[in-house]
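In: Sequence first, predicted coordinates after that:
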Amino acid sequence: MTRINKDTIIRIANVFRRECRILVSRPLYLFCMVIAPLFCYIFFTTMMDSGLPKELPVGLVDQDNTSVTRMVARNLDAFQQTDIVAHYPDFTSARTALQRGEIYGFFYIPDGTTTEAITSNQPKVSFYTNNAYLIPGSLLFRDMKMMSELASGALARETLYARGFTEDQAMAILQPIVIDTHALNNPWLNYSVYLCNTMLPGVLMLLIFMVTAYSIAVEIKHDTAREWLDMSGDSIYVAIIGKLLPHTIIFFIMSIFYNVYLYGFLHFPCNSGIGPMIFASLLLVVASQMCGVFMVGIFPTPRLALSFASLWGVISFSISGFTYPVMAMHPVLQAASNLFPLRHYFLIYVDQALNGYSMFYSWKAYLALLLFTFLPFLIIKRLKNALKTYTYIP
Amino acid sequence: MKQKNISFKGKVLQGIQDMFYIWREEMHKIFTDQGILIFFFLVPLAYPLLYAFIYTNEVVREVPAVVVDNSNSSMSREFIRKVDATADISIMGYCSDLEEAKEILKRGEAYGIYYIPEDFTDKLMHLEQSEISIFCDMSGMLYYKAMLLSATEVSLEMNKDIKIARAGNTTDRQDEVTAQPIEYESVALFNPQNGFASFLIPAVLILIIQQTLLLGVGLSVGTDRERNRINDLVPISRHYNGTLRIVMGKSFAYFLVYAVVCIYVLCVVPRIFSLPQIANPFTLMAFLLPFVIACIFFAMASSVFVKNRETCMLMFVFTSVPLLFLSGISWPSSAIPWFWKAFSYIFPSTFGIKGFVAINNMGATLNEVAIFYVALWIQAGVYFILTCVAYRWQIIRSRKNAIAMHMASRAAK
């Protein structure tokens, strides 16, 4: 290792300047470092602007068609999440509409429901949800279940009112136990909060993986690796620090941008203050860069390094557990999830911004992100060797 | 330019011969280029397996939760016992108060709290409505769903018993009617266990087809440009004389490869992981034909912008995540803003995913997916024309460049 002295700093500065020239000379870098992340920030936040999907289209098959069943339909329509868009004459046509994707579910009231209810014959109504679409299916399930409970209660309630019970008394008889739900720190069940907080850093991380791996591997491809090393005084550390520092600055600015955008502009829950999140973002940026160096160290050709980077990056979205929890995965994958920087960032986000716990509770995740920065040491010799001797074979 | 004298028939024959020449060249390139091999074979082979492995358990079971039972009555204990018995929740301990329970949440050892107040049973005895609170960590929607659903199920069940006990009926049948004047049933169609894999994997599979084509074709074009002396896409050779023969020759090569890849990805993979697959094979095949053609020409048209081998990866890989959202599978189409909906019509995957899910998971026929089917044919047509235009432009450019080079070298002499 070179001792840190004035020469080293000058060398780093030279490599830094060289890298800045490369970055501005190719529109590809502008695209991957600025335009693509910005596009994704805007995309995901505007896409899920409504937070929780409202007015999901549902259908109704009302073969009874009495005042009671029409009331049931009106009540269902009044739910915020559901919007009855069509009435169908029979089950088959409703199912076809479901398959066409026009509706996400339908309510089925068979002929004679009201008569049977009045004569205490316990009729049966059904609701069908299309769970091939998980989110709308689950949301509709909730509303339709509630609706069915209410419909069932509606008749009994009328009887109770007639016998002189007050509304509270009637409800206490119909629904003795009620559940009062507290969704901690996201009481609106806002999907945008739930997904964007990890999705945006995830996209940035994927791009960091790729840009880092590419920018180093391309030196081998273009036969400029020797020149780069010479400029760094044959020190691989100087070479890498000088080269990646401009990237770090740009990516860090991009990460501050999403932090400000999410917590400052969109007012997503940030119970820890923005400080810890910006710190976590910096750690994520550096950890991702070092993963990129590691990848190119393992496979010092552009196509393999980039394939590795894209594979690891895309899998991160699934394995970090912000959509499908890690605890439900196979034990092997639970262990493997630790190898993805986004997983640790997600844990930090949950503890800090979402729940506002003190940083102490997430020390493991911080430590893990720090450990990623030591990854390049494992392959540094191999990488230097590759830079000196490899020639690109198209 | 001797070719001008050849008859029309001769020209067509020549064209077909050239087409097969170009097809052979492209096939050779596909099977010898490491990068293309990765995208055309390794990724479609390995990725679906990896994804299916991640989501193999389909649902979350036994979410750890803690209880604060201030009532400590037989009713409250019954509630807790029944919640613990559900598949979704596992009660991992009791806490004396909410603060202690929240501390356990902080340490990440549980994801939710059931809080039963002191007057829980008293209220029930006084015929008042009695409340049970649940507090849920919102780091994952599935935890919330598990907590809420199990509590609701148990409360409905207990309500039924309470009502029956109060009514004092004489027969069982009366009990049933008292509990529920109108019975209801819920049917979760096409994904009965509400599983994650059954819902997400079909969309991912279709996306893999489109994205690997985009990357593989991009890589192939990048290679062509890099091998060419003056960075042109189309080499100067007597076989590369017509637009149509280049476009047809290349696309035919991709089509043959992807016919095989599609069968593996879309038919074999769902079978291995026993994902829902109730498609009629002919319907599925008929629908996939325009999808694959649209993807191929979409990839070829986009690849004109690829200058180097690797740039296509930097440009295309990250788009997979937004594309999954645009398809309306994870985020419902009805909640997508109009401008993104319009934007989504550019990509074959949007219609491909919707149609494939309808046919594969819901057993739809071509009749039900007619809109997507027609849209894919339109895309196939539009991208075919765009590809031809792009290649025509490239041919003219490479000729100009070649002539310019020739002139320059002559002038130098």
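Out: Thanks, I have the structure now.
In: pLDDT weak spots in chain B?
Out: B:1-6, B:174-180, B:229-233, B:236-240, B:413 (pLDDT under 70).
In: show me where it has strands.
Out: Listed in chain order, the strands of chain B (DSSP state E) span B:63-69, B:89-94, B:112-116, B:130-137, B:183-189.
In: ranking the ones you listed by burial, who's on top?
Out: Most buried of these by mean neighbour count (mean count of other C-beta atoms under 10 Å in any protein chain shown) is strand B:112-116; its value is a mean of 25. Any C-beta I mention is one placed from the backbone N, CA and C, and that applies to glycine too.
In: by contact count, what packs against that strand?
Out: strand B:63-69, helix B:74-85, helix B:98-106, strand B:130-137, helix B:141-167 (3 or more C-beta pairs under 8 Å, 6 or more residues apart in numbering or on different chains; DSSP states H and E).
In: Work out the gap between the longest helix along chain B and the centre of the chain.
Out: Using DSSP state H, we find that the single longest helix of chain B is helix B:370-412. Chain-centre distance of helix B:370-412: 31 Å, with C-alpha atoms, centre = their mean, to the nearest Å.
In: And stretch A:358-367, by the same measure?
Out: 21 Å.
In: repeat for stretch A:90-109
Out: The answer for stretch A:90-109 is 31 Å, by C-alpha atoms, centre = their mean.
In: pLDDT averaged over it - what is it?
Out: On average, the pLDDT along stretch A:90-109 is 88.
In: Does chain B have contacts with it?
Out: Yes - using C-beta under 8 Å from any C-beta of the partner chain, stretch A:90-109 comes into contact with chain B via A:Thr96, A:Leu98, A:Gln99, A:Arg100, A:Gly101, A:Tyr104.
In: can you give me the end-to-end distance of that stretch?
Out: 10 Å (C-alpha to C-alpha, to the nearest Å).
In: Which of the residues of stretch A:90-109 next to chain B are buried, as a PyMOL select command?
Out: Applying 16 or more other C-beta atoms under 10 Å in any protein chain shown to those, the buried members can be selected in PyMOL as follows:
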select buried, chain A and resi 98+99+100+101+104
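In: Which one of the residues of stretch A:90-109 next to chain B is nearest to chain B?
Out: Closest approach to chain B among these (C-beta to the nearest C-beta): A:Gln99, at 4.0 Å.
In: related to what we said a few turns ago, okay, the residues of stretch A:90-109 next to chain B in TSV with secondary structure next?
Out: What follows is the residues of stretch A:90-109 next to chain B, written out as TSV (DSSP: H, G, I helix; E, B strand; the rest coil):
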residue	secondary structure
A:Thr96	helix
A:Leu98	helix
A:Gln99	helix
A:Arg100	helix
A:Gly101	coil
A:Tyr104	coil
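In: Show me chain A divided up by domain.
Out: Following automatic domain parsing, chain A resolves into domains at A:6-49+A:190-389, A:56-174.
In: lowest-confidence stretch among those domains?
Out: Among the domains of chain A, domain A:56-174 scores lowest, at a mean of 82.
In: That one: end-to-end distance?
Out: End-to-end distance (C-alpha to C-alpha), domain A:56-174: 29 Å.
In: Same question for stretch A:163-181.
Out: 32 Å.
In: Could you confirm whether any residue of that stretch contacts chain B?
Out: Yes - using C-beta under 8 Å from any C-beta, we find that stretch A:163-181 touches chain B at A:168-169, A:171-181.
In: List the contacts of the spatially closest residue to B:Leu200 that is not a sequence neighbour.
Out: Leaving aside its chain neighbours, B:Leu200 sits nearest to B:Tyr55 (6.4 Å; criterion: C-beta to C-beta, 6 or more residues apart in numbering or on different chains). B:Tyr55 makes contact with A:Ser318, A:Tyr324, B:Gly195, B:Phe196, B:Ala197, B:Leu200, B:Ile201, according to C-beta atoms under 8 Å, 6 or more residues apart in numbering or on different chains.
In: isn't A:Pro89 right next to A:Val61, touching?
Out: Yes - with contact defined as C-beta atoms under 8 Å, A:Pro89 reaches A:Val61; the gap is 7.4 Å.
In: between those two, who's got more neighbours?
Out: A:Val61 (22 against 10; other C-beta atoms under 10 Å in any protein chain shown).
In: Could I get the phi/psi values of that one?
Out: phi -110, psi 100 (degrees, to the nearest 10).
In: residue contacts, it?
Out: By C-beta under 8 Å, 6+ apart, A:Val61 lies in contact with A:His87, A:Tyr88, A:Pro89, A:Asp90, A:Phe91, A:Ala94, A:Phe106, A:Phe107, A:Tyr108, A:Ile109.
In: Return a ChimeraX selection command for the buried portion of those.
Out: The buried residues among these can be selected in ChimeraX (16+ other C-beta under 10 Å) with this line:
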select /A:88,94,106,107,108,109
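In: Among the contacts of A:Val61, which lie within helices?
Out: Short answer: the contacts of A:Val61 in helices (DSSP H) are A:Phe91, A:Ala94.
In: Show me where the stretch 101-250 of chain A has its helices.
Out: For the stretch 101-250 of chain A, applying DSSP state H, counting those that start in this stretch gives helices covering A:113-118, A:134-162, A:167-174, A:191-221, A:225-231, A:236-259.
In: Of those helices, give the one that comes closest to B:Ile164.
Out: helix A:167-174 (12.2 Å; C-beta to C-beta).
In: Neighbours of the residue nearest to B:Lys29 when sequence neighbours are not counted, how many?
Out: Excluding its sequence neighbours, the residue lying closest to B:Lys29 (C-beta to C-beta, 6+ apart) is B:Ser220, at 6.0 Å. By the measure other C-beta under 10 Å, the count of residues near B:Ser220 is 27.
In: cool, B:Ala165 as well?
Out: 12.
In: swap in B:Tyr383?
Out: 23.
In: ok, now A:Leu369?
Out: 24.
In: Roughly how far does it sit from A:Pro123?
Out: 59 Å (C-beta to C-beta, to the nearest Å).
In: which residues make contact with stretch B:360-375 from outside it?
Out: Here stretch B:360-375 has contacts from A:96, A:98-100, A:130, A:132, B:189-191, B:198, B:202, B:266, B:270, B:276-280, B:283-284, B:286-287, B:290, B:345, B:351-352, B:354-355, B:358-359, using C-beta under 8 Å, 6+ apart.
In: Could you rerun that using 7 Å?
Out: The contact list for stretch B:360-375 (C-beta atoms under 7 Å, 6 or more residues apart in numbering or on different chains) reads A:96, A:99-100, A:132, B:190-191, B:202, B:276-280, B:283-284, B:286-287, B:290, B:351, B:354-355, B:358-359.
In: Would you mark the buried spots in that stretch?
Out: B:Asn360, B:Asn361, B:Met362, B:Gly363, B:Ala364, B:Thr365, B:Leu366, B:Glu368, B:Val369, B:Phe372, B:Tyr373, B:Ala375.
In: how far does that stretch sit from the chain's center?
Out: That offset, for stretch B:360-375, works out to 17 Å (C-alpha atoms, centre = their mean).
In: can you pull the contacts of residue 193?
Out: Went with chain A since none was named. By C-beta under 7 Å, 6+ apart, the neighbours of A:Val193 are A:Asn186, A:Phe268, A:Pro269.
In: I was after chain B.
Out: Per C-beta under 7 Å, 6+ apart, neighbours of B:Gln193: B:Glu58, B:Val59.
In: picking that back up, thought B:Ile36 was touching the residue nearest to B:Lys29, still the case?
Out: Yes - using C-beta atoms under 7 Å, B:Ser220 is in contact with B:Ile36, at 5.8 Å.
In: so what sits against both of those two?
Out: B:Lys29.
In: Got the phi and psi for the residue lying closest to A:Asp168 once chain neighbours are set aside?
Out: In this structure, A:Asp168 finds its nearest non-sequential neighbour in B:Gln129, 7.2 Å apart by C-beta to C-beta, 6+ apart. B:Gln129 adopts backbone torsions of phi -70, psi 130, taken as degrees, to the nearest 10.
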